[in-house]
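S.K.: How does the following fold in three dimensions:
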Amino acid sequence: MKYFKTVAEELHFSKAAARLNMAQPPLSLQIRQLEEEIGVPLFHRTKRNVELTEEGKVFLEKVHQLFKSLDEAIETVRKVNRGEVGEIIIGFIASAVYDILPTIIKHYRKQHPAIHVVLKQLTSAEQIKALQEGTIQIGILSEPSESDAINFEVIRREPMVIALPKEHPLASETSLIDLIDLANDPFI
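M.R.: Next up, the predicted model:
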C-alpha cells in the first residue's frame with residue numbers, strides 16, 4: 001500500500017523509488033504484483049508518463065482512508081498504553097460510598113475523562129481475590145493483608161467506634177478500649 005501510494009503521489013516510478021529509498025525495478029515489480037492480486041490495472045504506463053486509472057484513483061482514496069485509520073489505531077493503542085483511554089474497574093467497600101469514593105472518582109475523572117470507570121461493591125476479601133484474578137484494577141478496602149502480588153497504600157486512617165449495651169462490662173470505660181478486650185464478645 002505504501003509503495004502504491006508513493007507511486008500514485010509522484011506519478012513517476014524513479015522518483016517514487018528514490019523517495020522510498022529503493023531501486024526502481026523492485027518497486028515496479030511490487031506494483032505489478034499488487035495489480036495482479038486485486039485483478040485490475042491501477043496505472044496507465046507509457047515510456048514518458050504514468051497516470052492513475054479510474055480504478056487507481058478509487059484505490060488511492062481507499063488507501064488514504066486505510067492509512068488514516070491505521071494512524072488513528074496506532075494513536076488509540078498508544079493512548080491505552082499511556083492510560084488515557086480505556087476502562088478501569090474499581091472495587092470498593094460499602095462505607096467508601098459515603099465519603100472517600102466520590103472524591104476519588106471526581107478527581108480521577110477530571111484527570112482522565114476518556115477512561116470509563118466501572119464500580120463494583122465488594123467486601124475486602126472479595127476485592128483481594130478480584131485483584132489477584134485481575135477482574136478489578138483497584139480496590140478500596142478496610143483491612144490490608146499481606147500479599148506479594150498486591151501493592152497496598154493507606155489512603156486514610158479512621159478511628160473505630162464500638163457500640164455496647166449499657167450492661168456490658170466495658171460500657172462505662174472512659175479510656176480507649178483495646179480490641180483484645182473484645183476478643184470473646186460476639187460482633188455484628
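S.K.: Can you list the buried residues in the lengthiest helix in the chain?
M.R.: Secondary structure of the chain per DSSP state H: the longest helix is helix 54-82. Within helix 54-82, the residues scored as buried using 16 or more other CB atoms under 10 Å are 56, 59-60, 63. No exception for glycine: its C-beta is placed from N, CA and C like everyone else's.
S.K.: quick one: what helix or strand has Ile90 in it?
M.R.: Using DSSP states H and E, Ile90 sits within strand 86-92.
S.K.: Now that strand: buried residues?
M.R.: Neighbour counts over strand 86-92 (16+ other CB under 10 Å) mark 89-92 as buried.
S.K.: Same check on stretch 179-186?
M.R.: Under 16+ other CB under 10 Å, stretch 179-186 has no buried positions.
S.K.: State the distance from Val161 to Ile177.
M.R.: To Ile177, Val161 is 10 Å away according to CB to CB, to the nearest Å.
S.K.: Comparing the two, which residue is more hemmed in?
M.R.: Per other CB atoms under 10 Å, whichever of Val161 and Ile177 has more neighbours is Ile177, with 15 against 6.
S.K.: got the contact list for the more buried one?
M.R.: 162, 170 (CB atoms under 8 Å, 6 or more residues apart in numbering).
S.K.: what sits against the residue of the chain most remote from its centre?
M.R.: Distance from the C-alpha centroid of the chain, by CA atoms, centre = their mean, peaks at Glu167 (56.0 Å). Listed by CB under 8 Å, 6+ apart, the contact set of Glu167 is empty.
S.K.: secondary structure class for it?
M.R.: Recorded secondary structure, Glu167: coil (DSSP: H, G, I helix; E, B strand; the rest coil).
S.K.: Next, it: phi, psi?
M.R.: Main-chain torsions, Glu167, degrees, to the nearest 10: phi -80, psi 0.
S.K.: distance of it from Ala183?
M.R.: Note on Glu167: its distance to Ala183, by CB to CB, is 19 Å.
S.K.: returning to what we had before: helices or strands next to the longest helix of the chain in the packing?
M.R.: Other elements packing on helix 54-82 under the criterion 3 or more CB pairs under 8 Å, 6 or more residues apart in numbering; DSSP states H and E are helix 2-10.
S.K.: Please state the offset of the helix it packs on from the chain centre?
M.R.: The chain centre lies 34 Å from the centre of helix 2-10; the measure is CA atoms, centre = their mean, to the nearest Å.
S.K.: could you give the mean pLDDT of the longest helix of the chain?
M.R.: For helix 54-82, mean pLDDT is 93.
S.K.: Identify the residues contacting the strand holding Ile90?
M.R.: Strand 86-92 has contacts (CB under 8 Å, 6+ apart) with 80, 101, 105, 108, 114-122, 126-127, 130-131, 135-141.
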